[in-house]
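Trainee: Next input, structure requested:
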Amino acid sequence: MSLTFTASTDQRFFFFSDTRNENGRRTPVSVYGIRAGFLFPPHDARPELSGGRSASFKAGLGFYFVNQDINRPGLLPNTSESVTRHLRIATAYYERYLYRKKALEVSLPLELGYGHSRYERHGGTEEEVARGVFIPLGVGVLTAYQFPRIRWFRPLHWFGFNVLGGYRFILKKDVPASQINYTGFYISVGPSFFLENLTADLKYWRKKRKQKK
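Mentor: Numbers count the residues shown, from 1 in each chain. Below you'll find the model as predicted:
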């Protein structure tokens, strides 16, 4: 079984239950990260996976971080100040492909994480008021499109764009006595870089170079 390495940056917008505007509506929080893993080929024939892109699923690890100012005094117990939130999250993910033909792919990413949080008071003192560990579980739907391969400019199909939507559940809260809650929807819309296409082209160019010798 031949595995293909894949990696990508990942920016998402999370709608935490504890982050709302003056009207009580959730507001998006930018979460930045990176994912790396391997593409696994199918054991059995799957007609929905063809066109030279027959990976059955993708699995690997990810890392995400958040630095957020929260202007909600009293969010943490025994505090009346606004705070700055620092989150660091390591994840393991499994992403099964439902459809993967030519330029289009649809998949179901499932993620389980281990997160660490730290909260500091505003005002330049950087005094820590709380910290903890939380366990997030996320499930979503991802649709990605890669630009077509052009014979005279193959690098074009290294790039594309994706649309991701999902929901994150918190299995363990970091500060149980607080109103902190990371449960909520998340979305991501942006450019994509298909590392596996770059890798395939490098192999193709090496093979052509050897044939010319």
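Trainee: List phi and psi for the closest residue to H43 other than its chain neighbours.
Mentor: Leaving aside its sequence neighbours, H43 sits nearest to S56 (CB to CB, 6 or more residues apart in numbering; 7.4 Å). Using the backbone N, CA and C atoms, a C-beta is placed for each residue, glycine as well. Here is the backbone geometry of S56 (degrees, to the nearest 10): phi -80, psi -40.
Trainee: ditto for L198
Mentor: Torsion angles, degrees, to the nearest 10, at L198: phi -60, psi -50.
Trainee: Does it touch W158 like I think?
Mentor: Yes: with contact defined as CB atoms under 8 Å, L198 counts as touching W158 (5.0 Å).
Trainee: Between the two, which has more neighbouring residues?
Mentor: Using other CB atoms under 10 Å, the more surrounded residue of L198 and W158 is W158, with 19 against 15.
Trainee: so how far is F14 from that one?
Mentor: Distance, W158 to F14, by CB to CB, to the nearest Å: 28 Å.
Trainee: R26 too?
Mentor: 9 Å.
Trainee: Which neighbours do the two have in common?
Mentor: Residues touching both R26 and F14 by CB atoms under 8 Å, 6 or more residues apart in numbering: G184.
Trainee: So the two - more neighbours on which side?
Mentor: With neighbours defined as other CB under 10 Å, R26 and F14 compare such that F14 has more, 25 against 15.
Trainee: Give me the most central residue, this protein.
Mentor: Computing the C-alpha centroid of the chain and ranking residues by CA atoms, centre = their mean puts D10 first, at 4.7 Å.
Trainee: Isn't it up against Y64?
Mentor: Yes: the pair D10 / Y64 is scored as a contact, 7.3 Å apart, by CB under 8 Å.
Trainee: What number of residues are in the vicinity of T6?
Mentor: The burial count for T6: 20, using other CB under 10 Å.
Trainee: mind listing what it touches?
Mentor: T6 touches 36-39, 58, 60, 194-196, counting by CB under 8 Å, 6+ apart.
Trainee: thinking N71 is in contact with S82, fair?
Mentor: Yes: with contact defined as CB under 8 Å, N71 reaches S82; the gap is 4.6 Å.
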